[in-house]
Structures are given as C-alpha cells and as structure tokens.
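Undergrad: sequence unavailable; structure follows:
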C-alpha cells in the first residue's frame, strides 16, 4: 500500500497468469497554476462582450417575475378548495 501511495503500479497474477493491475487512484488537483492557465488561455477565442450581451438580450428573457405566478394561474393556491 505504501508503494501505491508513492504512485507505483503492480501486476496481479494467479498461478503465473496476469489477471489485473493494481494502480493508484488519480487525485484531482484543486488549483491550476497561473502558468498553466495562461498557456491554455492562449488558444481560446477572444470574447466580444458587446456581441455576447446582444446575443443574451436576443435569446434570454431575464425579466423579473414572481415564481409563483404559474402556480397561481393554474389555481394551485386558491383559498376556497371546496
């Protein structure tokens, strides 16, 4: 188990036949270095914030609304449920 923690891999055999591998689990990094972020970002397309805002205005209705309006419209919150 110490070897696995160090990143070592092991072949598992039974009667001389390879039946599997014992490998360390991959640990996900929690952070990306500034250099890595810069390197990956170089290949990204430039974002035109004005065009993005125009697209959002055209395709997304972000007006505020009461989330219960639809339920009231269906009569789910009527006071007299006789």
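TA: Yes, it's here. Remember, it's a predicted structure, so these values are computed and weren't measured experimentally.

Undergrad: could you give the mean pLDDT of the longest helix anywhere in the chain?
TA: The helix that spans the most residues within the chain, counting by DSSP state H, is helix 49-59. In this model, helix 49-59 has an average pLDDT of 89.

Undergrad: and stretch 8-25, by the same measure?
TA: 93.

Undergrad: show the end-to-end separation of that stretch, please.
TA: 11 Å (CA to CA, to the nearest Å).

Undergrad: got it, and stretch 39-48?
TA: 21 Å.

Undergrad: got the buried residues for that stretch?
TA: The neighbour-count check on stretch 39-48 (16 or more other CB atoms under 10 Å) flags nothing as buried. Yep, even glycine has a C-beta here, placed from its N, CA and C like the rest.

Undergrad: what about the helices in the protein?
TA: 2-5, 34-41, 49-59, 69-73.

Undergrad: same list (these) but as CSV, adding distance to residue 18.
TA: Shown next, in CSV, are the helices of the chain (distance: least, CB to CB, whole Å):
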stretch, distance to residue 18
helix 2-5, 18
helix 34-41, 36
helix 49-59, 54
helix 69-73, 61
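
Undergrad: and these: which comes nearest residue 13?
TA: helix 2-5 (16.2 Å; CB to CB).
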